[in-house]
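K.L.:
need a structure here:
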Amino acid sequence: MDGDVLLAANLGPTNLLPEIEIMFVAPRHARFSLIACLFACFVLPLTASAQLTSTPSSVTFTNTYIGMQSTSKSITVKNTGTSNVTINSITSSCPEFKLASGTTPVTLAAGKTTSYSMFFAPDKAQAFSCNYTLAATGTGNLSVPMSSTGLSTKAIVSVSPTSMNFLNQQQGTKSATQTITITNSGTASIKLTGITIAPVTFANSSVTLPLTINAGANKTLTVTYSPQLVTSETGVIAFSFNQVPNKVVDLTGTGIAPTKLVITNVTTLPAATQSAKYQASLLAKGGTAPFTYTLKSGSVLPTGLTLSGAGLISGTLDASVAVGAYPFTIQVSDSKGHLGSKGFTLNVGAATGANCANISFNIPNTSTPIVPLNDLGTGTYQGSQGGLYPNGSNVRPSSHDADGVDIAEGIGPLNASGNPDPSGKLVLLAIGESTALDEFTEFLAIAKTDPALNSSMVIVDGAQGAATPKLLASSTSPYWNTIINNYLPDQGVTANQVVAVWIEDSNGIATGSFPGDMTGMQGNYESVMNNVHTFFPNAKLAYFSSRIYAGYSNGVATINPEPYAYESAFAVKWAIQDQINGASNLNYDAGLGVVKAPWMAWGPYYWGNGLLARSDGGVWSCQDLQADGTHPAIVAGELKVAGQILNFFKSDLTTKPWFLHP
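P.N.:
Model (predicted):
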């Protein structure tokens, strides 16, 4: 058969097919096409056994105004093949589409899935059509189209003033009102969609939202300050809009001792939950103890609650008590017959699904409530001394503090390579698991537009779900890779520009008992600090915060049950104490040898035993947490933490030199 070719294929059982013999007669010029067909029809389906798919196959985000960001959307990536596939990286072809969650590298067995979420943050008024590419081994890359449109607004919004001071306000009394004016000097109307104020000692006038501000118009509201303590504190009030980024006004207050008898609690008491136990302790100052508390004539508490003469509101809310706000007035008298009174509001929320009956937690097999570490002082918990620092103290040792201040004063903007550059950036990076992610997201919302923030400052949320100290202790953890290759570049900065880290983290589920679990986690923290130094060589400072109260999770969830959430603070305390005591694996001073870690200290410690008030009045109500009793609620719980983080970074001597405007 001149000009023809005879082809035979014998695909035996080694190819997982029955033996097949194919005889085909074709013109010679079709030889290569035929071979390609045989290869595509038989060989490829057999060797390319791993394949990635995305559900959905493409993502369209809501059109978003310049300077703002959309809500995140997720994709589920599945290996539909029969062998493992490793996703090595995920990258966007446009910087306007940014990664919100998910890690690389990750290996998926056959049939397994992983998920990623992204958000859209436009910098131009135009349509965007881009791709997220998942580069993988074991299969071809996966490309997921992303689209949306950036919008511009004709509204121009400003707030005045940008800062307020409430000086020398007597403890337990309300200040004179101060006024904020929000002005729209543009040619289109805009909506005020949200108001966030922290801490609770600051309060704003009631505003019905959303509030439309027409072109050329303005709106005013008032702010007051009611200190609970003799203290100095900072706060913010943030305004959210539908077309422009947040506007923030800085708040500063100073509380002084009262000159007459007052109840010092703020007027909005910790929230209660329908049909659940409740308690709130009232405190008085400016008189002579003992104090006696009574309901003012005509006032009533929600059914099921009573007020003791010592000032304890307690009980279990009757099933008949509906969701809502319940006002009442309480009177206090002292031993000399002086009187004082204050009106309060108790907000009752619906059952959350958490264990709202667990309003405080006792040490197992005892009747002694757990005492917050900062109130425990020289006392002990199961043989371990309290206090945030050695010897039961909550104050950094003077030499360690001095080192931190010296380091802070030497921090300046860095270029992408990590060299000093006046036009460079300073990066504060958050590290931790999902609770830290939730809390730091709220912190970012109020901090990144704070007028007091250093203009070179970039704040990056690197916290990720399940990023526990045990996992972060490994230098090969995918969490580090994702921070370095996604979260930092998405914000236009590099690992070399990170100057400080904030960390809140724990290993989640207790495997043994105290102190064994905590000494293990202490070692994890110390390894994490070594990795921070390795991956972010210019990160000079590290600040730790505590877990929030988790007693409402007991019997509901298994992550961070009490007393594990409380005990995790000891792992932080002991790791910092190791550095203070000169442990070589945590050395931060080049004059003493090889540097292996940043300088370490406590940030805000905010664990409190449920509704048992701390010495500073801090409590955690069931309404402050989500249904799992583990994660902070939006916005109540998140804001409670975010406000304390912001206050810390704006007031601590080791943070002010680089976090705030020079």
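K.L.:
can we go C-alpha only for contacts and neighbour counts from here?
P.N.:
OK.
K.L.:
Now stretch 302-311: buried residues?
P.N.:
By 16 or more other CA atoms under 10 Å, the buried positions in stretch 302-311 come out as 302, 304-307, 311.
K.L.:
hmm, who's touching that stretch?
P.N.:
278, 281-283, 291-295, 312-318, 320-321, 326 (CA atoms under 8 Å, 6 or more residues apart in numbering).
K.L.:
What of stretch 73-85?
P.N.:
Stretch 73-85 has contacts (CA under 8 Å, 6+ apart) with 48-57, 59, 61, 107-119, 136-139.
K.L.:
buried subset of the contacts of stretch 302-311?
P.N.:
Judged by 16+ other CA under 10 Å, buried ones among the contacts of stretch 302-311: 278, 281-283, 291-295, 312-317, 321.
K.L.:
From the residues you listed, which land in strands?
P.N.:
Counting by DSSP state E, the members of the buried ones among the contacts of stretch 302-311 that fall within strands are 278, 281, 292-295, 312-316.
K.L.:
quick check, nearest of the residues you listed to residue 476?
P.N.:
residue 278 (46.2 Å; CA to CA).
K.L.:
hang on, isn't the closest one packed against residue 272?
P.N.:
Yes. With contact defined as CA atoms under 8 Å, residue 278 counts as touching residue 272 (6.2 Å).
K.L.:
Parallel or antiparallel, which strands does the host helix or strand of residue 250 pair with?
P.N.:
Assigned by DSSP states H and E, residue 250 falls within strand 247-256. Here strand 247-256 is paired, per DSSP bridges, with strand 163-170 (parallel), strand 232-241 (antiparallel).
K.L.:
Pull out the buried residues from that strand.
P.N.:
247-256.
K.L.:
so can I have JSON lines of these showing distance to residue 92?
P.N.:
Output for these, formatted as JSON lines (distance: CA to CA, whole Å):
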{"residue": "247", "distance to residue 92": "29"}
{"residue": "248", "distance to residue 92": "31"}
{"residue": "249", "distance to residue 92": "35"}
{"residue": "250", "distance to residue 92": "36"}
{"residue": "251", "distance to residue 92": "39"}
{"residue": "252", "distance to residue 92": "41"}
{"residue": "253", "distance to residue 92": "45"}
{"residue": "254", "distance to residue 92": "48"}
{"residue": "255", "distance to residue 92": "50"}
{"residue": "256", "distance to residue 92": "53"}
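K.L.:
what sits against the closest residue to residue 235 other than its chain neighbours?
P.N.:
Of all residues not flanking residue 235 in the chain, residue 251 sits nearest, at 4.7 Å (CA to CA, 6 or more residues apart in numbering). Residue 251 makes contact with 163-166, 234-237, according to CA under 8 Å, 6+ apart.
K.L.:
What pLDDT is listed against residue 251?
P.N.:
The model reports residue 251 with a pLDDT of 97.
K.L.:
quick one: it and residue 180, what's the gap?
P.N.:
11 Å (CA to CA, to the nearest Å).
K.L.:
now do residue 603
P.N.:
Residue 603 is 31 Å from residue 180, by CA to CA.
K.L.:
okay, now residue 198: neighbour count?
P.N.:
Using other CA atoms under 10 Å, residue 198 has 22 other residues around it.
K.L.:
any idea where the helices of the stretch 451-600 of the chain begin and end?
P.N.:
Assigned helices in the stretch 451-600 of the chain, in chain order: 469-472, 478-482, 488-490, 516-535, 564-580 (criterion: DSSP state H, counting those that start in this stretch).
K.L.:
Mind checking those helices for the one nearest to residue 230?
P.N.:
Closest among those, using CA to CA: helix 564-580, at 26.5 Å.
K.L.:
Return the closest one as CSV; C-alpha atoms alone will do.
P.N.:
Extracted C-alpha coordinates of helix 564-580, given in CSV (Å, rounded to 0.1, in the frame of the first residue of the first chain):
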residue,chain,number,x,y,z
TYR,A,564,-7.4,26.9,78.5
ALA,A,565,-8.0,30.3,77.1
TYR,A,566,-7.1,31.9,80.4
GLU,A,567,-4.1,29.7,80.9
SER,A,568,-2.6,30.5,77.5
ALA,A,569,-1.6,33.9,78.9
PHE,A,570,0.9,32.1,81.1
ALA,A,571,2.7,30.8,78.0
VAL,A,572,3.1,34.4,76.8
LYS,A,573,4.2,35.5,80.3
TRP,A,574,6.8,32.8,80.5
ALA,A,575,8.2,33.4,77.0
ILE,A,576,8.6,37.1,77.6
GLN,A,577,10.1,36.3,81.0
ASP,A,578,12.7,34.0,79.2
GLN,A,579,13.8,36.9,77.1
ILE,A,580,14.0,39.3,80.1
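K.L.:
what inclination does it have with respect to helix 516-535?
P.N.:
50 degrees (axes from the mean of the first three to the mean of the last three CA atoms, to 10 degrees).
K.L.:
Specify the residue ranges that define each domain of the chain.
P.N.:
Following automatic domain parsing, the chain resolves into domains at 4-47, 52-151, 160-256, 262-349, 410-659.
K.L.:
Compare the mean pLDDT across these and name the weakest.
P.N.:
The bottom spot among the domains of the chain, by mean pLDDT, belongs to domain 4-47, with a mean of 35.
K.L.:
buried stuff in stretch 479-497?
P.N.:
By 16+ other CA under 10 Å, the buried positions in stretch 479-497 come out as 479-491, 493-497.
K.L.:
residue contacts, the closest residue to residue 126 other than its chain neighbours?
P.N.:
In space, and not counting its chain neighbours, residue 126 is closest to residue 150: 5.1 Å by CA to CA, 6+ apart. By CA under 8 Å, 6+ apart, the residues touching residue 150 are 63-66, 122-128.
K.L.:
For residue 499, which residues are in contact?
P.N.:
Residue 499 is in contact with 411, 426-428, 536, 538-541, counting by CA under 8 Å, 6+ apart.
K.L.:
rerun that using 10 Å as the cut-off
P.N.:
408, 411-414, 418, 425-429, 457, 536-542, 598, 658 (CA atoms under 10 Å, 6 or more residues apart in numbering).
K.L.:
I'd like the domains of the chain laid out as TSV, including distance to residue 395.
P.N.:
What follows is the domains of the chain, written out as TSV (distance: least, CA to CA, whole Å):
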stretch	distance to residue 395
domain 4-47	64
domain 52-151	36
domain 160-256	16
domain 262-349	25
domain 410-659	9
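K.L.:
right, and these - which one's nearest residue 362?
P.N.:
domain 410-659 (8.3 Å).
K.L.:
First residue to last residue on the closest one, what's the distance there?
P.N.:
Note: domain 410-659 ends 12 Å apart using CA to CA.
K.L.:
returning to what we had before: out of the helices of the stretch 451-600 of the chain, which is closest to residue 156?
P.N.:
helix 488-490 (26.9 Å).
K.L.:
Okay then, goodbye and thanks.
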